[in-house]
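J.: Here is a sequence together with a model predicted from it:
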Amino acid sequence: MEQIILLCLVSTILSAVHAQKFFFSPNWGPIGYKEREEHDKTAMDEIIKTNEFQASQIIDGTTTLREGDIAVSSGRRSKVCFARSCLWSKSVDGHVYVAYRLSSEYSEMETKLIKKGMENVEKGTCVRFVPWTHQRDYVDIQPKSGCWSFLGARGGRQTVSLQSPGCLRVGVISHEFMHALGFVHEQSRFDRDNYVTIKWPNIWRDRLRNFEKFKTDSLDLPYDYSSIMHFGMYAYSQDGEPTIIPKNSQNSNNIRLGQATALSHLDTMKINKLYKCDTMDDN
Ligand SMILES: [Zn+2]
């Protein structure tokens, strides 16, 4: 009898906790959501945390987020973007200048971080971020709700949202600029099933679509487990179990997915290949 009472008590408490989460938090997540250890967090883990728990999922009536942080406006076929149709134009001097406007709402410290995120992308590539003066195409960096970017150059002004403080981490900033340059997430490559196993039952139900594949151009570069564009091993986990695991290569236990702060070597190569940069020195 006592056991039954105890059981009832426990289940009442549990459902109360559950209900409270559901009713009082506008961004309720799965019960099993676990904060990753700081040392194995990826840029995408930070983005998921901010976008799912601190931001609104709705950007506006016509724009939604795909794969967690890629803004898509209805009617636009962003999937074809990667295949050279949405590149930023290249200057005669061999550089790809991406003009940016930075919201005045960012503090000096935040501005420094955003510039550091840009430097990550510039390092070893021909991409250069330049303050907007008169250019037709430019990124408008704003502390809107969440961390997100459109895919590739859309023509004209395009927003990159870097909410403060959730998105103001160097890796997150570089990740969003990579989207703006035209790159999707590494594990959405069409050939990804040769390299990783998606653990569908472990994925948070509402977010299954974030694991779709894109028909992309992989630029003849190898699959990049450590890309800053790769989801972490526990991305959108509903029960704390892994959602993506490296395929059974000999050293799959040592493979780490994703990247926290810097671009991988292959990320840099991807930029150089997509934009046909002359080989740049690692300056
Ligand atoms: Zn992303």
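T.: Perfect, thanks for sending it. Keep in mind it's a predicted model, so treat the numbers as computed, not measured. Numbering: from 1, shown residues only.

J.: which stretches of the stretch 51-200 of the chain have low pLDDT?
T.: 75-85 (pLDDT under 70).

J.: residue boundaries of the helices in it?
T.: Under the criterion DSSP state H, counting those that start in this stretch, the stretch 51-200 of the chain contains helices at 108-122, 170-181.

J.: Can I get the shortest one as CSV, trimmed to CA atoms?
T.: Listed in CSV are the C-alpha atoms of helix 170-181, where the atom choice follows Å, rounded to 0.1, in the frame of the first residue of the first chain:
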residue,chain,number,x,y,z
VAL,A,170,33.1,33.0,-32.5
GLY,A,171,32.2,29.5,-33.8
VAL,A,172,28.5,30.3,-34.1
ILE,A,173,29.3,33.5,-35.9
SER,A,174,31.6,31.8,-38.4
HIS,A,175,29.0,29.0,-38.9
GLU,A,176,26.3,31.5,-39.9
PHE,A,177,28.7,33.3,-42.3
MET,A,178,29.4,30.0,-43.9
HIS,A,179,25.7,29.6,-44.6
ALA,A,180,25.7,33.1,-46.0
LEU,A,181,28.5,32.0,-48.3
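
J.: between that helix and helix 108-122, how many degrees?
T.: With axes from the mean of the first three to the mean of the last three Cα atoms, to 10 degrees as the basis, helix 170-181 and helix 108-122 are set at 60 degrees to each other.

J.: hey, which of the helices of the stretch 51-200 of the chain is tucked in deepest?
T.: Ranked by mean neighbour count under mean count of other Cβ atoms under 10 Å, the helices of the stretch 51-200 of the chain are led by helix 170-181, which reaches a mean of 25. C-beta: built from backbone N, CA, C; applies to glycine.

J.: helices or strands up against it?
T.: When contacts are defined as 3 or more Cβ pairs under 8 Å, 6 or more residues apart in numbering; DSSP states H and E, helix 170-181 packs onto helix 43-53, strand 96-102, helix 108-122, strand 147-150, strand 157-162, helix 265-274.
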